[in-house]
Every structure is written in C-alpha cells, then in structure tokens.
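Novice: with the sequence up front, the predicted model follows.
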Amino acid sequence: MKSSRQDKTEGKLHEVKGSIKEIAGKVTRNRKLERKGKREKKAGKLQEKVGQVKKVLGK
C-alpha cells in the first residue's frame with residue numbers, strides 16, 4: 001500500500017502532466033490530447049485527495 005505522501009506526490013505529478021497535455025492539445029487543436037490531459041489532471045487530483053484521507057486516517 002502506498003503512503004499518503006507518495007499518493008500526494010504522484011497525484012501532483014499527474015496533475016502537472018495533465019495540464020501540460022491539455023495546453024498542448026489546445027495549442028495544436030488536438031481535442032483527443034486535450035481530453036486526455038483533462039482526465040489525467042482529474043485523476044491526479046483524486047489521487048492527491050486519497051493521500052490526504054490516508055494522512056487523516058493515519059495510514
């Protein structure tokens with residue numbers, strides 16, 4: 001099981017990667033890349049929240 005810190009770090013990384021993909025998709029008018037970026041960004045935020053919950057629960 002991942003630690004809360006690891007979940008938060010990986011979540012933040014996915015958020016950043018998602019933002020980059022989203023911007024690249026907008027600039028190149030590549031809607032598929034833009035959607036992928038948005039999904040990855042949302043997944044990163046969710047993973048970050050999981051890390052926060054683990055920290056509160058002490059796991």
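Specialist: Perfect, thanks for sending it.

Novice: every contact and neighbour count from this point should use C-alpha atoms.
Specialist: Will do.

Novice: for the protein, which segments count as strands?
Specialist: Across the chain, reading from the start of the chain, there are no strands by DSSP state E.

Novice: identify the residue nearest the geometric centre of it.
Specialist: In the chain, the residue lying closest to the centroid (C-alpha atoms, centre = their mean) is residue 44, at 1.7 Å.

Novice: ok, that residue to residue 57 distance?
Specialist: Note on residue 44: its distance to residue 57, by C-alpha to C-alpha, to the nearest Å, is 20 Å.

Novice: same thing with residue 46?
Specialist: Separation of residue 46 from residue 57 (C-alpha to C-alpha) stands at 17 Å.

Novice: ok, now residue 36?
Specialist: When C-alpha to C-alpha is applied, the distance between residue 36 and residue 57 equals 32 Å.

Novice: now residue 4
Specialist: Here the distance between residue 4 and residue 57 works out to 10 Å (C-alpha to C-alpha).

Novice: those two: who's more crowded?
Specialist: A count of neighbours by other C-alpha atoms under 10 Å puts residue 4 above the other of residue 4 and residue 57, at 21 against 9.

Novice: hmm, residue 51 and the more buried one touching each other?
Specialist: Yes. With contacts counted by C-alpha atoms under 8 Å, residue 4 reaches residue 51, the gap being 4.1 Å.
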